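Colleague: Using only what follows, build the 3D model:
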Amino acid sequence: MSTNQEDHAKSQTLSHGRQQQSRGKVEALECRVCEDAFTNHGDKVPRLLQCGHTLCHSCLQQLNHQDFAVLCPFDRLPTVLGPGGVWELKKNFALLELLEKLQIADNGDLNSPDLQILNKEKELRICCDENEEHLAVLYCVVCGSHLCVECSERTHATKTLCRHRRVPLSQKPKERPRCEFHSQHVAEFICLEDGCQGNPLMCFICRDYGRHAKHRHGLLETEVEAFRDTVMSTILSFRKFTEDASEILRKLESVVCQIEGGDTTEGNRENSNPMQSMLGTARTARERVQLHFAELREHIALKECAALAVVESHIRERLGCIRQHQENLTAMLSQVREVSTQWEKALMQDDARVMLAAPSMKVLSNSMEKEHQLFTETNFNHLLDPSIPITFTKAVIFVIDSSVRERLPEAHTELAKLMAERDLKEATLLILANKQDVGNCLRVEEIMESLCLYKLCCGRSWHIVACDVPSGNGLQEGLDWLAKQLLEGT
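Modeller: Predicted coordinates:
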């Protein structure tokens with residue numbers, strides 16, 4: 001190791017030792033109650049009691065105040081407080097001066113700072129106040145000026161100025177605001193009254209004797225710190241909100257891609273092309289609807305063929321029946337005309353022959369009377385109606401009054417007529433046993449036995465439900481069953 005390197009290492013060791021020693025001295029100046037080190041400002045400012053002891057501002061505020069006085073925790077001697085309370089106690093300026101000297105000694109090594117650290121300060125691109133061509137790397141706390149290394153050594157070469165504290169620009173202390181009405185004093189308090197929010201900053205003179213006298217106030221650093229915490233918590237909540245919203249947005253985009261379909265990237269070891277086509281749910285739904293209605297059209301086509309076959313069969317049967325009646329009527333008319341002709345010829349003969357032909361004529365007359373009676377009794381209305389009835393009944397809902405036992409035979413008769421209808425041969429039957437809320441009403445088992453439903457409805461889909469129409473009990477169950485049967489039937 002060279003001599004220069006050894007000297008540099010020794011200087012660093014000595015500097016570190018001096019820093020540790022001065023830092024230990026600063027930490028030794030601490031409050032004997034909370035054991036926290038005193039500070040130049042804030043809650044840890046040292047204040048004097050009338051007995052001579054010194055405590056920090058925070059501990060004095062926590063002591064019990066009795067009759068506008070506070071008792072010293074060491075000798076129990078009272079210290080009278082004014083209207084401003086602890087704030088009116090004088091600061092221990094001798095202790096503050098000693099504390100400031102120790103801090104200056106602690107930062108004395110900045111007069112010959114490490115060049116690597118100072119080179120980083122040049123990235124701030126702040127010009128030196130003494131020479132604008134140079135980049136400042138230091139800040140003098142006392143002078144309030146930005147300096148480069150050369151100008152710092154030149155301007156602070158005197159015995160008085162060399163004691164000024166100079167720190168790197170990145171460690172530049174925050175500028176403390178001055179009171180608007182007393183510019184020589186620092187505005188270290190803030191007024192908490194609503195009417196003073198336009199200009200709440202104040203010094204101790206404004207607080208005790210000026211326009212903010214007897215107003216609620218707080219320490220500027222404390223209020224600012226609390227406000228910073230509030231803003232940071234709001235920022236964190238905003239960040240959480242943005243993260244949640246971004247996540248929802250990402251999921252919505254994913255859902256849109258899944259609905260619309262398209263290309264998706266999936267890692268595939270065997271396939272060199274990672275882009276694969278993804279079938280969207282919208283296309284799948286359309287295909288399912290198209291397939292369903294294609295099946296419906298096919299089913300309807302089959303139903304149409306079956307219905308046309310039934311209609312053709314009905315037409316053939318009806319035309320056959322009409323033609324049969326036409327032939328019968330034609331034959332009967334021919335026979336009547338022939339008999340009438342024979343009778344007219346017989347009546348033109350003499351009396352003897354008429355009387356001899358009377359028995360045979362009576363036989364023919366009786367036959368003709370029977371034909372006439374048969375013609376009179378025959379109902380030709382349905383034959384004279386050219387319309388062809390077409391019905392598409394799929395279901396029948398039959399309602400029974402369960403409270404009247406005497407009407408069960410009538411209900412049985414009407415139901416039997418319905419079941420005998422040819423058009424209702426394959427119709428689904430739902431029987432609603434109504435008025436089940438009435439006392440002594442017929443139970444479902446009794447109705448099934450009285451109507452002989454197992455025999456009457458054999459070969460068809462049927463169901464009986466106990467219900468009460470005004471309240472709606474049982475109706476939903478019955479209608480759900482009927483809807484299910486109709487859907488399965490299609």
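Colleague: hey, let's count contacts and neighbours off CA atoms from now on
Modeller: Fine.
Colleague: Tell me the spacing between Gln258 and Ala282.
Modeller: Gln258 sits 8 Å away from Ala282 when distances are taken as CA to CA, to the nearest Å.
Colleague: swap in Arg239?
Modeller: Counting by CA to CA, the gap between Arg239 and Ala282 amounts to 35 Å.
Colleague: And the next helix or strand past the helix or strand of the chain with the lowest mean pLDDT?
Modeller: For the chain, using mean pLDDT, DSSP states H and E, the weakest element among its helices and strands is helix 3-28, scoring a mean of 46. Later in the chain than helix 3-28, the nearest helix or strand by DSSP states H and E is strand 46-48.
Colleague: Identify all contacting residues around that following strand.
Modeller: For strand 46-48, the surrounding residues in contact (CA atoms under 8 Å, 6 or more residues apart in numbering) are 31, 38-39, 54-57, 89-92, 95-96.
Colleague: ranges for the helices of the stretch 351-490 of the chain?
Modeller: Taking DSSP state H, counting those that start in this stretch as the criterion, the stretch 351-490 of the chain carries its helices at 351-377, 381-384, 408-420, 444-451, 453-456, 475-489.
Colleague: out of those helices, nearest to Ser183?
Modeller: Across the helices of the stretch 351-490 of the chain, the minimum distance to Ser183, taken as CA to CA, is reached by helix 475-489, at 85.6 Å.
Colleague: ok, back up a step: so for Ala187, which of the helices of the stretch 351-490 of the chain sits nearest?
Modeller: Using CA to CA as the criterion, the shortest distance between Ala187 and these is 78.5 Å, found for helix 475-489.
Colleague: Least confident of the helices of the stretch 351-490 of the chain, on average?
Modeller: Averaging pLDDT over each of these singles out helix 381-384 as the lowest, with a mean of 71.
Colleague: Tell me where this protein is predicted with low confidence.
Modeller: Applying pLDDT under 70 to the predicted model, the residue ranges of the chain that meet it are 1-28, 104-116, 262-278, 382, 389-392, 489-490.
Colleague: can I see the domain layout of it?
Modeller: Annotated domains of the chain cover 1-106, 286-384, 395-489 [automatic domain parsing].
Colleague: Can you check which of these gets nearest to Lys174?
Modeller: With CA to CA as the measure, domain 1-106 is the member of the domains of the chain nearest Lys174 (12.8 Å).
Colleague: that older thread, what's the closest of the helices of the stretch 351-490 of the chain to Lys214?
Modeller: With CA to CA, the closest approach to Lys214 among the helices of the stretch 351-490 of the chain belongs to helix 475-489: 76.0 Å.
Colleague: how about the helices of the stretch 351-490 of the chain, which one is nearest Glu426?
Modeller: Within these, the stretch nearest Glu426 is helix 408-420; the backing value is 9.4 Å (CA to CA).
Colleague: That closest one: how far from the chain's middle?
Modeller: 56 Å (CA atoms, centre = their mean, to the nearest Å).
Colleague: likewise stretch 61-68?
Modeller: Chain-centre distance of stretch 61-68: 54 Å, with CA atoms, centre = their mean.
Colleague: Buried residues of that stretch, list them for me.
Modeller: Neighbour-count burial for stretch 61-68, counted by 16 or more other CA atoms under 10 Å, picks out His65.
Colleague: Endpoints of that stretch, how far apart?
Modeller: 13 Å.
Colleague: can you check stretch 49-59 too?
Modeller: Between the start and the finish of stretch 49-59 there is a gap of 12 Å, counting by CA to CA.
Colleague: what's the neighbour count on Leu430?
Modeller: Using other CA atoms under 10 Å, Leu430 has 20 other residues around it.
Colleague: ditto for Ala301
Modeller: Here the neighbour count serves as a burial measure; for Ala301 (other CA under 10 Å) it reads 12.
Colleague: same deal with Arg283?
Modeller: Neighbour number of Arg283 under other CA under 10 Å is 13.
Colleague: Could you list every helix and strand in contact with the strand or helix carrying it?
Modeller: With the criterion set as DSSP H and E, the secondary-structure element containing Arg283 is helix 281-347. Counting contacts by 3 or more CA pairs under 8 Å, 6 or more residues apart in numbering; DSSP states H and E, helix 281-347 packs against helix 220-260, helix 351-377.
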